[in-house]
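S.K.: Sequence isn't available, so here's the structure alone:
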C-alpha cells in the first residue's frame, strides 16, 4: 500500500462518516477550523496496587505487536502501518474504523485522545516530553484489547507537542471492555512504563525485539516492587476506621467510668456550639427545618407502626400512645445529654419481638406482663450501664465496614419482611373459605360492608397503597437527580419526599377509596405514668428476667454501637468527636426509666441516624472519570433538629387517635419498604451485589475495582451474603426463641471478619475492600 | 498583589482542593506526570442561524472587560489579572475558584479546556494558530457569564501550541446556564470572531478600547450577513420532508389512476427484494422473529380489546372473532399488495365510535345494523378509491412534522382515555348503593363470590393489573438503556417487553388473584362469511349511509396518510420509495371487502407502524456533545414480518375463546397506556413540552435549541397544544355526533400550520422547528 493509497483510503473513510453529520458539513477542507482541546493530569499507574497493570503488560506479551526502527516519515503512514498489524486477527474491524477512532473527526491528522509525559519548567510552565506519545481509542466490534509499540529509527516531528517522537504507542480496546481494562487505563499502564527518560534511553538502546521485551518485563518488575516498604508498614497497622476507638486514655488499664468521663470532657466544651451550629450559617435554618420535618415523620410514623404491632402482641398493654410517649421522652433525653446527638433512637422490630416473647413467658409463669417487662428492661439497663462504665466499647474497634454493611442490609431486610408479612397476613385473612372469621375484629367503620364476606378489596387496597407510598416516595426522593424544575425545587421535593408520600397516600386510602374501610388503630385511655408493680413478680420470674435482660443488653450494645460507628464514618466528615461510652450510658439510663413505667425501649437505629446526618449536610456533586459522586462537604452538628422534632412528636399526642389514625397500615408498610430502599444507597456491599449483574464496561472505576481482582471481589461479597443469610435465618426465624441468641451471633461476625475471612482472601484485598474511604468511592 | 503572592495564593488553593482527592496525592510536584489530552474539531459559530451568537457579543459589550497592551510575561500572571477583573462584581466567586477551574488540577499552569484555530499544512499535518487562545470553564456560584479579552503588547511564548500569543480570551459561565450559553458555546462565538488572521491583524491595529469594540461590532455584522444569499434561496423552497409527494409525473395535470400506476411501476421491481431483505444479512433472521412476535402481540391484543368494545356497543354483532378475522384478512392483503408494507393496519378507537353511532342510527331508522354498517363501509370505500385514483394525496405535502406530531400525540391520548374510561367504569359499577345491579351481566366464573354485593375487589384488581402491565412493560422496554446484564440480553428483554408483560400480568390476574373473578369475553359461534343484506335498507338509510361514509372516508384518508408520512420520515432512512396512492387504493379495496361481510374496518395506525420499522432496524447510539442519540442506520424493508405475524393471528382463531380470554380487560388497558407512553419517545412536540419543566442547563444542544429563541420555541409549542386541545375536545367528546366532523377538523390543521402560524412566529423559526431532521436531533 502506498502512502497515496493510504491517504485516499482515510479520506474516503472520513467522507463516509461525515454523511450524517451536521458539524463536519460546516468544516470545509482548507480553511481555518476550531480545535477544542481538554487537558487533564492523570496519576501514573500504581503497579503495586492496581492488579490490572501487570495483566496489561502480559496481554501485550501474548501478541508482541512491536515494530522497531520504522523509517516512515508521516504520522499517518506510521499509524496506518501499526493499525494494520494490530487488526490482523480482528476480521470484524477495518483499519478505516480504527483510524477514524484514533484521529479527530476530520481529514487532517491529529490524534483524538492521547497520554503524554509532562514536567514543570523552572518558570512554572509545562514542558511536554516530545519524544513519545500514547494514542488510544475504543472500538465497538473489537474482540480483544490491542497494543502496538513502534520505535522510530530517527526522531520525527509529528506535530505540536510531538516534535521529536521516537516512540508511538497505540492502544485499541473494545468499548464493552471492563472499566479497568479500558483504552485509557491500558494507555496509562504503558505511559507509566515509558515515562522515565532513563528507562526510555534503555529502550532506545535495545538491539532487537527480544531485548526490548526483556527490558519491558524488567521495568514492570521494578514498578511492581516500588513502594514495597511502605506497604509493609501499612500491613502492620490496624484498620483505618477505628482509630477513634483507641484513645490514649483507654490504653492505661480500664478504671471504671474512665471512658465515660473522657467522653464528657471531650464533648462538654462543644455543648454550646451544638446549638449555635443549628442556627448560624448559610442555608442552616432551611436545613434545620427540613431535618426537623424529616425526623418528625421518620420517628412518628414507625412509632405508630410499632405501636400497632405491640398493641396486637400485648393485647393493648403497650399501644401507640405509649410508643409515642417513649419516643418523645427518650428522644429528648438523648438529644440533650448524649455525646453524639446525631444518632436517632427508636423502638425496632427485634425489640417488638422480644416484647412478644416476654408476654408469652409472663403468661406461662403466671405473672403479669408489665412487671415482667419492666424487670427485664431494668436488668438489661443494668448490664448496659456496666458495659458503658467498664469501656466494653473497645471491642467495637473490630467492627469494620464489612460488618456494618451486613448489619444495615439486615435491618433493611427485616423492614421489608415486616411489611410483606403484614401484607400477606391481610390477604390470608381474606381468602378462602375461612376468610370471614376474622372480620369481626375490625372496627366496622365505613359503610355498606358486605357483612361477613371475604373483604378482598381491603387486601388489594393494601397492596395498592403500599406500592403507591413506595413509588411516590422514591420518585420524589430521586427527583434530585433529574433535570426537571430547578436545583432548589428538586432539593425541596427530595427533602419532603417522606411526608408528601405518606400524607398523599393516607388521603387516597381514607378519602378517594373511602368505600373500602381500612382498619384504623385505637388507643387506651387512662393515666400513663404508672410504675409497674415489680413486687408482684415471683423469684423464678426475676431470675428468668435476668437471662432475658442479658440477651437484650447485648442487642442494645451491638445495635447502638454499630449505628454510632456508621454515623461517625469518615465519609460524613464529622468534626466533633464521637462519644461511644457516654452514649451507651445514656441509653442505659433512658431504658431504665422507660422500664419503670412499662414503656417500650429505644436504641440508635438505621437508616434514620445516617439520614439525619445527610439532611444536615452540605453535599457536593463531584465528577470522577465521568461518574457522578455525591460528597458530604460539611455537616451542621447540632442537637436542635432532634430536640425540635421530638417536641413536635410529643405534641402529636393531642392528635390521637384521630387524625393520626388516618395513617393506615398499608401506608406504614410502604414507608418501611421506602426506608429499606433508600438505605441501600451508599452501601458498598449492596453495590457489589449489583455489580454481579452489571456489564463489566459499566463498572465504576472506584478504588476497590482498581485494586482487587474481580474474582476476589465476588468471593468477598459471597462471604458477606453467607453471613447475612445466617443473620436473616435467625432474625426472621419463625421460632421466636431462636431470636434470643441473635445478638450473640451478631457479635460472632467480628471474629469471622478478622480470623476466618483472611484464610480465604488475601488480607491486602480485604483491606482494600473494607477500607472506610473518605468519599464513599 | 505581587507575582509571588499570586503564585502562593494559587498553590494554597490547589493544596486545599487536593485534600480529598486520591489522584493528586499520587502526583508529586517536580517529577514527570502524565497528561491526558482530548482533541475535537468543532464547527465555527453560525451567526446567521444561531441566534445566541449575537447575544454573546452583546453581553460582552455590556461590561467591556477588555485589557489592551498587557506587559505581563507569565501566563499565570496574565490570567490572574484578567480573572480578578472579571470577578469584581461576583462576590460569591473567588479568583482562586476561577483559577482552579481554568487550569488543570495541578500546581503547574496548563489550561484545562481551550479552543484554538488550526489549519492543515500542505503535508497533511495540523498547524496551530499560535497567536491566540480561548480558555473557558464553568463555575458553580457564578451569577452571569463573564468574558474577558486581553491583547498583549508583545507576542509571548506561553507554552506548547501558544508560542506567540497576542490575544487571550477567558470565558467563565455559570454551570447552571442554559446549554446555548454554556462556556463552550460562548467560547465558540469569540473564537469564531477572532479566527481569521486578517481580522486579527485589524484588532492588533486598534489603538484603544473604543476602536476595538467598534471593530468587534463590525466583525459580528459581517458574520451575521455571511451566507444571506443561500438563506434567501432556502426561503423560497417548500418544506423538506415532502419532496416525495411531488413526483415530476404528478405535476402534469392529474389523469385518473396515474399516481397509482406510478407507484406500482416504482415498487414492482422491488417486490422480490421485499422478501429477500427479510431473510438475508447479519442479524436479519433474529430481527424478523422479534418483529413477527412483536406484531403478533401488538395486533392481536388490541383486536381483542376492540372486539370486546365493539361487542358491547353492537350487542355482539361485531365480536372478538370478527375483529381477529378482519385483522388477519386485511393485514395479509395489505402485506402482499401494498406499496409500503411496513405500515400496519388495525381497527381503532374512532372506528369503534363510528360503529356505535351507526348502530344507534340504524336503530332510529328501523333498519338492521349489519346492512347499514356494510353500506356505510362501501360508500366510504368508494370515496377512498376515488381519492386514490385522482391523486388527492397531493394535499398531503402540506402535512409537516408539526401536524404529524399533534396527530400522534392525539392518538396516544385517545388510547390513555379509553383505558382510563374502562377503569373508571369498573369503579363506578362497584361503588355506591346501585353497584350490585350490573353484576348479573358478568359470567359468574370463579368461586365463592359475595353474590350481589359491590365487587370492589374487581375494580381494585383492575387498577393493579393495569399499573402492573404498564410498569413491567416500561421497565423491560427501557432496560436497554441500563448497565445491567449485557447488550444482547438487554435487547432481547426490550424486544419482548410487550408479550412478557401481557403474559405475566394475565397470569397474575387469572391464577395468583384467582379469588377475584375478572370478567372474560365470549364470542359468537356460527358461520363467519355471510354477506350483509343490503337489499333490506330503505332509501333514507342509503342516503344517510353516504353522508356517514363520506366523513369516514376522510378519516381513512387522513389517518392512513399521516401514518404513512411518519413511517416514511427521513429519520427512518427507508431506501425503497413511498407509495401513497397505491396504499390508499389497497385500503379502499380491503375495507370494501370487509364491509360486504360486516367485518370491522382497518387503516394504518400509530405507533404500531413506526414501531414495526424500529424492530426491523439496525440502531446505533451516537454521542453528540455528551448526549446519547439512537440513530437508525438501516431498515430491513420486508413484507415477511407482517405476513408471518398475520398468519399467526389467523391461527389464533383456534385459541378462541379460551385461552385467549385469559387476557382480561385490565391487561389490555395497561397495554394501551404502554403503547401511548412508548409513542412519546422521538416526538419532538412532546420533548418540547418536557422542556417547559426542565432546567435550562439540561436542554439538549439540538438544532432548534441553537437556532430558535426560547420564547419562540414555547410559543410554537403553545400553538400545537391549542390544536391538540381542540382535537381532543372533538375526538373525545361525550357527544358522539361531534365526532363525525373530527376528520374535517383534522384537515383544517394544514391551513392553520401554513397560514395562521406564520402570522405569529417568524417563518424562519417555524422552518427550523418543523424541519424533518434526518437524525431526530
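M.R.: Alright, I've got the coordinates. These numbers were taken from a predicted model, which means no experiment stands behind them.

S.K.: Nearest to chain B: which residue in the stretch 451-600 of chain A?
M.R.: The stretch 451-600 of chain A approaches chain B most closely through residue A:483 (3.3 Å), counting by CB to the nearest CB. The C-beta positions use only the backbone N, C-alpha and C, and glycine is treated the same way.

S.K.: Confirm for me that that residue is in contact with residue B:698.
M.R.: Yes. Residue A:483 is in contact with residue B:698 according to CB atoms under 8 Å; the separation is 3.3 Å.

S.K.: picking that back up, the residue of the stretch 451-600 of chain A closest to chain B and residue B:691, how far apart?
M.R.: 10 Å (CB to CB, to the nearest Å).

S.K.: okay, these two: which has more neighbours?
M.R.: residue B:691 (19 against 16; other CB atoms under 10 Å in any protein chain shown).

S.K.: Excluding chain neighbours, give the residue nearest to the more buried one in space.
M.R.: Spatial nearest neighbour of residue B:691, excluding adjacent residues (CB to CB, 6 or more residues apart in numbering or on different chains): residue B:699 at 6.4 Å.

S.K.: For the one you found, grab phi and psi.
M.R.: Per-residue torsions, residue B:699: phi -60, psi 140 (degrees, to the nearest 10).

S.K.: Show me how far stretch A:41-59 is from its chain's centre.
M.R.: Averaging C-alpha positions (CA atoms, centre = their mean, to the nearest Å) puts stretch A:41-59 27 Å from its chain's average.

S.K.: actually stretch A:60-68, sorry about that
M.R.: Mean C-alpha position of stretch A:60-68 versus that of the full chain (CA atoms, centre = their mean) differs by 42 Å.

S.K.: Check residue A:673 and give its pLDDT.
M.R.: Per-residue pLDDT puts residue A:673 at 94.

S.K.: And for residue A:624?
M.R.: With respect to pLDDT, residue A:624 scores 62.

S.K.: Pull out the buried residues from stretch A:628-635.
M.R.: A:630, A:631, A:632, A:634, A:635 (16 or more other CB atoms under 10 Å in any protein chain shown).

S.K.: Could you look up the SS state of the spatially most central residue of chain A?
M.R.: Nearest to the geometric centre of chain A sits residue A:682, at 1.6 Å (CA atoms, centre = their mean). Here residue A:682 is coil, with the state taken from DSSP: H, G, I helix; E, B strand; the rest coil.

S.K.: Quick check: closest non-adjacent residue to residue A:619.
M.R.: Nearest residue to residue A:619, sequence neighbours excluded (CB to CB, 6+ apart): residue A:630, at 5.1 Å.

S.K.: So what does the one you found look like in phi/psi?
M.R.: phi -100, psi 130.

S.K.: Surely it touches residue A:617?
M.R.: No. Contact criterion CB under 8 Å: residue A:630 and residue A:617 do not qualify, at 9.6 Å.

S.K.: of the buried residues of stretch A:628-635, closest to residue B:359?
M.R.: When these are compared for distance to residue B:359 (CB to CB), residue A:630 wins out at 60.6 Å.

S.K.: What pLDDT is listed against residue A:443?
M.R.: Per-residue pLDDT puts residue A:443 at 48.

S.K.: what's near enough to touch residue A:102?
M.R.: Contact analysis of residue A:102 by CB atoms under 8 Å, 6 or more residues apart in numbering or on different chains lists A:79, A:83, A:111, A:112, A:135, A:136, A:137, A:170, A:172.

S.K.: How many residues are close by the third one?
M.R.: Around residue A:111 sit 25 other residues, with neighbours defined as other CB under 10 Å.

S.K.: which residue sits closest to it in space, ignoring its chain neighbours?
M.R.: Residue A:111's closest residue in space is residue A:135 (CB to CB, 6+ apart), at 4.3 Å.

S.K.: which SS class is the one you found?
M.R.: Of the three states, residue A:135 takes strand under three-state DSSP.

S.K.: Any figure for the gap between it and residue A:167?
M.R.: Counting by CB to CB, the gap from residue A:135 to residue A:167 is 11 Å.

S.K.: For chain A, which segments are assigned as strands?
M.R.: Here chain A has its strands, by DSSP state E, at A:33-42, A:66-70, A:113-120, A:126-128, A:132-139, A:146-156, A:165-174, A:345-346, A:603-604, A:617-624, A:627-635.

S.K.: Columns distance to residue B:719 on top of the ones you listed, output as a markdown table?
M.R.: Output for the strands of chain A, formatted as a markdown table (distance: least, CB to CB, whole Å):
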| stretch | distance to residue B:719 |
| --- | --- |
| strand A:33-42 | 37 |
| strand A:66-70 | 63 |
| strand A:113-120 | 45 |
| strand A:126-128 | 54 |
| strand A:132-139 | 44 |
| strand A:146-156 | 54 |
| strand A:165-174 | 48 |
| strand A:345-346 | 55 |
| strand A:603-604 | 59 |
| strand A:617-624 | 38 |
| strand A:627-635 | 37 |
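
S.K.: quick one, which of those strands is nearest to residue B:146?
M.R.: Nearest to residue B:146, of those and by CB to CB, is strand A:33-42 at 19.6 Å.
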